[in-house]
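**Student:** Requesting a structural model of the entry that follows:
(2 chains)
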There are 2 protein chains.
Amino acid sequence: MAAIDETHDAGLTSWVASANVADTDFPIQNLPFGRFRPVAPGGPGVALRVGVAIGDEVLDLSLAASAPGWPAEVQPLLAQLASGDLNGFMGLGPAPHRALRLALSRALRAGSPMQAALSGALRPQSQAGMALPCEIGDYTDFYTGIHHATTVGTLFRPDQPLLPNYKWVPIGYHGRSSSIVVSGTPVRRPRGQVKGPDHAEPILSPSRRLDHELELGAVIGRGNALGTSIGLDEAEDHLFGIVLLNDWSARDVQAWEYQPLGPFLAKNFASTVSPWIVTMEALAPFRAPFVRAAEDPRPLPYLDAAGNRAAGQLDLVLEVQIQTAAMRAAGLPPHRLSTSRTLQAAYWTFAQLVTHHSVGGCNLRSGDLLGSGTLSGPAPDQGGSILELSAGGKRALELPGGETRTFLQDGDTVILRAWGERPGARRIGLGSCSGTVLAAA
Amino acid sequence: MAAIDETHDAGLTSWVASANVADTDFPIQNLPFGRFRPVAPGGPGVALRVGVAIGDEVLDLSLAASAPGWPAEVQPLLAQLASGDLNGFMGLGPAPHRALRLALSRALRAGSPMQAALSGALRPQSQAGMALPCEIGDYTDFYTGIHHATTVGTLFRPDQPLLPNYKWVPIGYHGRSSSIVVSGTPVRRPRGQVKGPDHAEPILSPSRRLDHELELGAVIGRGNALGTSIGLDEAEDHLFGIVLLNDWSARDVQAWEYQPLGPFLAKNFASTVSPWIVTMEALAPFRAPFVRAAEDPRPLPYLDAAGNRAAGQLDLVLEVQIQTAAMRAAGLPPHRLSTSRTLQAAYWTFAQLVTHHSVGGCNLRSGDLLGSGTLSGPAPDQGGSILELSAGGKRALELPGGETRTFLQDGDTVILRAWGERPGARRIGLGSCSGTVLAAA
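**Tutor:** Below is the predicted model of the structure:
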C-alpha cells in the first residue's frame, strides 16, 4: 500500500487556480495520467501525448519535460513520458512513480519556482482530445461485486444465486481489448441472437435489453514473466492505478449465449473507460480495512496474506447518472440512477485479483486492465446496472420529465463517476466515464 | 474462397531441392509466412524478420526484397515485409496476398531467373529462431468441435451434454493473448484452486489433470471498424490464414472455476501456436462442401448465405502425437494419440465465426486469432484431448515402452500436426506445434 506523504497534505494548493476549487476531481493531491491529441494545431493523425490533469488543465509532458528545474532523478522519466511511452513508465514499478509524483506535486504547488517555465505547458482539458489512457494488451473482467452477483444470480438461477465457488475463487473471465473505448465515444446498440422463453428458435435482433455496468478498472504497472506468479505481499506493487469502466451489456444476448463458456457478444461490442488513470499513490488516503463477514470462509493462504489485510480495500464513492435525449432537449441535467461504495460492494481487493490472475503462471503486462465487476451496494436502489434496479426489467425506473426506463434507449447517455472523500484528506475524483447509445446499424 | 490458379499446380517444383521431397509440409504450393530471429550473427535482441517457408529453408524477406526481378506491383509489399511488418501486410486484404503469392511462386520455381539472386536470402529453418507468427491483439476461442462438445458435455453435464444454443450460436469466449507462445516453448504446469467431489473446501495445488486440445487457429487479415459487421459473403476476405493451436487445459482447475463465467485460469497459463501461417490461398484445394445433418436446424440467415456454402469447409487431416521423457530416453519416436478430419469435426466454418464475431459490432484487427475449439472426430479414439480419450481420466492410455497416461505428466511433449491431401493436389502441411510440460513452479 502506497504511503501517505507530503503530496497528500490536504492544505496544499496549486498555482493552477482551477485545481483549488472545492469540487474539482483533479486537485494537486491527485495528478492522474492520461493520453491526448492536441486538438489544435494537429488533427487525428497527430501522435498521442502523455499529460497530467490538474484542475481544468492538462500539463502536457511533451512540453513540460524540457522545463528547467526538474530533479535529476526524474529527468529520464519525463523524457520517456515526453516520447509518449506511458506504458513503459507504468512498467517501472512504484519507486519511480513516487519520485515523479513528488516532483510534479512540488512543481505545480503554489509558490513553485517552476510556475513560469511550466505555464506554457498547460492546455485546457476542453481542448485536449483524450484517447485511451494507455495501450491495453489484455482485459480481464472479474465479478467481485457480491451484491451484484447475488441479485443477478437470482434472476438467472433462482435456485442457486451464488455458486459454491464464489467465496473461494475470485471469479473472472477474459474480455475483449479491441473494443475498449475512451469516455465520450458513442456506443452502437449491438445486434445479436436472442430467444424469447416462449419461442422455439432464436432470431437476430438489435438488443432490447441494453444495460450499463458500474465498474472500476485496475491498470497493471509492472508485469510478470510467463510461468511466474505474484505473491499477495507484492501484488500492490504491480498496480499502477484505477479508471472507471462501463461494461456495457446486452442482457438478452447474454442469456441465450452464455452457457457453457460465459458472456461473449453480449459484452464485446464496447467497454468504456475514463481517460485519466488515478494512481495507487493518489488513492493512498482512501483505503479502509478489509471487511469480511464472520460467516464467510477464510480465503486460501495465497489470497490471505497479512500484507494484504494491511493494504486494505479501496474506499471510494461510486455514482451512475443517466441523461436521455428528451432530458437533454428539455435542458434537464443528468439524473442519478444509483450510488454505492467500493468498500461495501467488492468481495475481493485488486491485490487479490492480481495474485489470483497470476497464480497459475499467466503473465500480466503493463497496461493490462482488470475490471472489478459491477459494484452494486447491498440495497436494491444501489444496483450498478439497470438489470438490478429494474428487477430484471419488471419494474420501470422513473426519470425526470416523466420518462421511464427498463433498459437503455437510443440517445441515452450513461455517466459513471467515483471519488474519495475522508475527514482530513483532500477529496479527489476519477473524472467521468460517459457514453451515449446510438441506434443499431 | 480463394481461387485455384497456377500456384496450386501439383506439377510445380522449386529450385530449393528440399521443397520437392514428397512428405515436406512446405512445397512450393504452400508458401506460408512466419517471423524469426536469425540465430547467427544476432541474438535474442535482434529484430524479428518475416520469412516464407520453402522445404527446409526460410526465404528471408528482409534480404529477398532487394533482389532484382520482382514485378513492380509487389515491390511495395516486399518493402513492407522487409521492415518486419507482417500484420500490416496481412491487413491489406486478398488481392495483394494473391499478387505476392504468385510472384513468390514464380521466383522460387525451378528454372526461375531469380534463383541466383535469391539463393543468398535462404537460411536453414534449423538456424532460424521462430517467434510468434504475428502480433496477436485479441484471441477468441470457439467451440465448433461438435463431437468434443458432446463428449465433454457428457462428462460435465450428463443430463444435457449439448446445450440448446449449440446448433444456433457459434459458442465462443475470449482467451488470453499474453500467454500465447510459439511451438517449442516449454509449458509450465499451472497451480490453481481445485476441489475434489468429496472435499468441503478447495486447495491450491499443481494441476493433476493437465491436458492438450487439438485446434486450428484462424488469423485475421483485414479487420473491421468498431460498430460495423462483416457479412458472410465477405468473411473469407478477412481471413489471412491458419495455424495449429494447442489450447492447454487444466481440467481440475476448470471444473471448479468455470461457472458462471467460463474457463479462466484453466486455460490462460499457455496456448501454443505453430510458427507458420498457411494462407487461405494455399488452402484453396483443400476445401469441401459444407456438411450438415438433415436433422440439424438451418442457421439463421446471417450465418447461412449461399456464398458461405460455396466456400465450404476446410478439409484437413489432424493428428496429435505424444513423446514422454522415458520414450525420449529410450529413443522411441513420438506416438500417435489420435487423428481426425476438420470436415467431420467442426460444426461451423471459420467464415461463420468471423461473421458471428462481428455481428454485434465488435471490431476484429489484423493478427487476431480465432481458435476452432477442439477438433475431435466422431469415434471415441478420435478425441482431440486426453479428457476424451481417457473418458475423463477413467481409462488409462497405453503408450510404447509400457507407460500409461491419464492426463499429462511432466516431461511429456505433445505435438500437433495437420495437412491437406487430395487427389490431384500437392500435399501441404501446417508444420508442427509442440510443447513440453515442465514441473510446476
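**Student:** residues contacting the closest residue to chain B within chain A?
**Tutor:** Residue of chain A nearest chain B, by C-beta to the nearest C-beta: residue A:262 (2.7 Å). For glycine as for every other residue, the C-beta is placed from the backbone atoms N, C-alpha and C. Contact analysis of residue A:262 by C-beta atoms under 8 Å, 6 or more residues apart in numbering or on different chains lists A:173, B:173, B:260-263.
**Student:** Now with 10 Å, please.
**Tutor:** Residue A:262 sits next to A:141, A:171-174, A:254, B:171-174, B:258-264 when contact means C-beta atoms under 10 Å, 6 or more residues apart in numbering or on different chains.
**Student:** any idea of the pLDDT on residue A:289?
**Tutor:** Residue A:289 is assigned a predicted lDDT (pLDDT) of 84.
**Student:** excluding its backbone neighbours, what's nearest residue A:64?
**Tutor:** Leaving aside its chain neighbours, residue A:64 sits nearest to residue A:121 (4.0 Å; criterion: C-beta to C-beta, 6 or more residues apart in numbering or on different chains).
**Student:** residues near that neighbour, how many?
**Tutor:** Residue A:121 has 20 neighbours, counted by other C-beta atoms under 10 Å in any protein chain shown.
**Student:** same deal with residue A:415?
**Tutor:** Neighbours of residue A:415 using other C-beta under 10 Å come to 22.
**Student:** surely residue A:237 meets residue A:281?
**Tutor:** No: counting by C-beta atoms under 10 Å, residue A:281 is not a contact partner of residue A:237; they are 11.6 Å apart.
**Student:** More neighbours: which of these two?
**Tutor:** Shown here are residue A:237 and residue A:281; by other C-beta under 10 Å, residue A:281 has more neighbours (22 against 19).
**Student:** residue contacts, the closest residue to the more buried one other than its chain neighbours?
**Tutor:** Of all residues not flanking residue A:281 in the chain, residue A:2 sits nearest, at 4.4 Å (C-beta to C-beta, 6+ apart). For residue A:2, the contact set (C-beta under 10 Å, 6+ apart) comprises A:8, A:94, A:97-98, A:101, A:236-237, A:239, A:279-285, A:287, A:311.
**Student:** And residue A:151, by the same measure?
**Tutor:** A:145, A:161, A:374, A:376, A:378, A:380, A:383-385, A:387-389, A:391-392 are the contacts of residue A:151 under C-beta under 10 Å, 6+ apart.
**Student:** Quickly find the element holding it.
**Tutor:** In this structure, residue A:151 sits in helix A:146-156 according to DSSP states H and E.
**Student:** and what of residue A:77?
**Tutor:** Going by DSSP H and E, residue A:77 is in helix A:75-82.
**Student:** Now that helix: buried residues?
**Tutor:** A:77-78, A:80-82 (16 or more other C-beta atoms under 10 Å in any protein chain shown).
**Student:** Now it: average pLDDT?
**Tutor:** Mean pLDDT, helix A:75-82: 98.
**Student:** again with stretch A:368-384
**Tutor:** 97.
**Student:** Low-confidence stretches in the stretch 251-400 of chain A?
**Tutor:** Applying pLDDT under 70 to the stretch 251-400 of chain A flags the ranges A:305-311.
**Student:** which parts of it sit against chain B?
**Tutor:** A:253, A:255-270, A:297-298, A:300-303, A:356-365, A:368, A:373 (C-beta under 10 Å from any C-beta of the partner chain).
**Student:** Who does the helix or strand harbouring residue A:140 pair with, and is each partner parallel or antiparallel?
**Tutor:** Element membership for residue A:140 (DSSP H and E) is strand A:139-142. Using DSSP bridges, strand A:139-142 pairs in its sheet with strand A:172-174 (antiparallel), strand A:369-371 (parallel).
**Student:** Other residues contacting the last one?
**Tutor:** This means strand A:369-371. A:132-134, A:136-144, A:170, A:172-173, A:175, A:177, A:180, A:213, A:215-220, A:239, A:242-243, A:245-247, A:271, A:273, A:350, A:353-354, A:357, A:364.
**Student:** where does the stretch 1-150 of chain A come near chain B, residue by residue?
**Tutor:** So far as C-beta under 10 Å from any C-beta goes, the stretch 1-150 of chain A lies against chain B at A:136-143, A:149.
**Student:** Among those residues, which pair sits farthest apart?
**Tutor:** A:137 and A:149 (26.8 Å; C-beta to C-beta).
**Student:** just so I know, which of the strands paired with strand A:139-142 lies nearest residue B:322?
**Tutor:** strand A:172-174 (28.1 Å).
**Student:** Show me what that closest one is in contact with.
**Tutor:** A:138-144, A:261-264, A:267, A:348, A:353, A:356-357, A:370-373, B:138-141, B:173-177, B:257-258, B:260-265, B:267-268.
**Student:** Where does residue A:200 fall, secondary structure wise?
**Tutor:** Applying DSSP H and E, one finds residue A:200 in no helix or strand.
**Student:** Contacts only, for it.
**Tutor:** So residue A:200 contacts B:164, B:297 (C-beta under 10 Å, 6+ apart).
**Student:** Okay, it and residue B:163: tell me how far apart.
**Tutor:** Separation of residue A:200 from residue B:163 (C-beta to C-beta, to the nearest Å) stands at 15 Å.
**Student:** before we move on, what about residue A:19?
**Tutor:** In terms of C-beta to C-beta, residue A:19 sits 55 Å off from residue B:163.
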